[in-house]
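Asks: Sequence first, predicted coordinates after that:
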Amino acid sequence: MSTWEVRAAIRTEARPHPAVVAALRATLRGCPGSDVVSEAGGVGVRLLTSAPTPAVAYALALAVLATDVLPVLDPADLHDLQVHPVPGGPAAEHPRAA
């Protein structure tokens, strides 16, 4: 199993209220390495996930976003979802990590 960093850019109609960002952070507290950052036009979400491949990490992160994050920000659009190996971790050696 390897550790992957997943970053998502989520666009909203307006900058989310700080209380919404705090609620999302509290919701994701059970996900190690997670963070939510308010940005102009939306939020950025960072998750760490343990998975054998980047595709599985992508799917796991998408499930968290779909059930725990996007409904809170509705209406919102997932604009970007990137999966990268954690530097120095075993995923960095994965052939699809580049």
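Replies: Ah, there it is. Keep in mind it's a predicted model, so treat the numbers as computed, not measured.

Asks: Please count neighbours and contacts with C-alpha atoms only from this point.
Replies: OK.

Asks: which stretches of this structure have low pLDDT?
Replies: 88-98 (pLDDT under 70).

Asks: what about the helices in it?
Replies: With DSSP state H applied, the chain shows helices at 18-27, 54-64, 70-73, listed in chain order.

Asks: Would you format the ones you listed as JSON lines with mean neighbour count included?
Replies: Formatted as JSON lines, the helices of the chain follow (neighbours: other Cα atoms under 10 Å):
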{"stretch": "helix 18-27", "mean neighbour count": "14"}
{"stretch": "helix 54-64", "mean neighbour count": "17"}
{"stretch": "helix 70-73", "mean neighbour count": "16"}
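
Asks: Reformat those as CSV; add distance to Thr12.
Replies: Shown next, in CSV, are the helices of the chain (distance: least, Cα to Cα, whole Å):
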stretch, distance to Thr12
helix 18-27, 12
helix 54-64, 17
helix 70-73, 7
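
Asks: Quick one, which of those gets closest to Arg11.
Replies: Judged by Cα to Cα, the one of the helices of the chain that comes nearest to Arg11 is helix 70-73, at 9.0 Å.

Asks: Could you export the closest one as PDB, keeping only the C-alpha atoms?
Replies: Extracted as PDB, the C-alpha positions of helix 70-73 are listed here (Å, rounded to 0.1, in the frame of the first residue of the first chain):
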ATOM      1  CA  LEU A  70     -19.700  18.700  -2.300                       C
ATOM      2  CA  PRO A  71     -23.100  18.400  -0.500                       C
ATOM      3  CA  VAL A  72     -22.000  21.100   2.000                       C
ATOM      4  CA  LEU A  73     -20.900  23.500  -0.700                       C
END
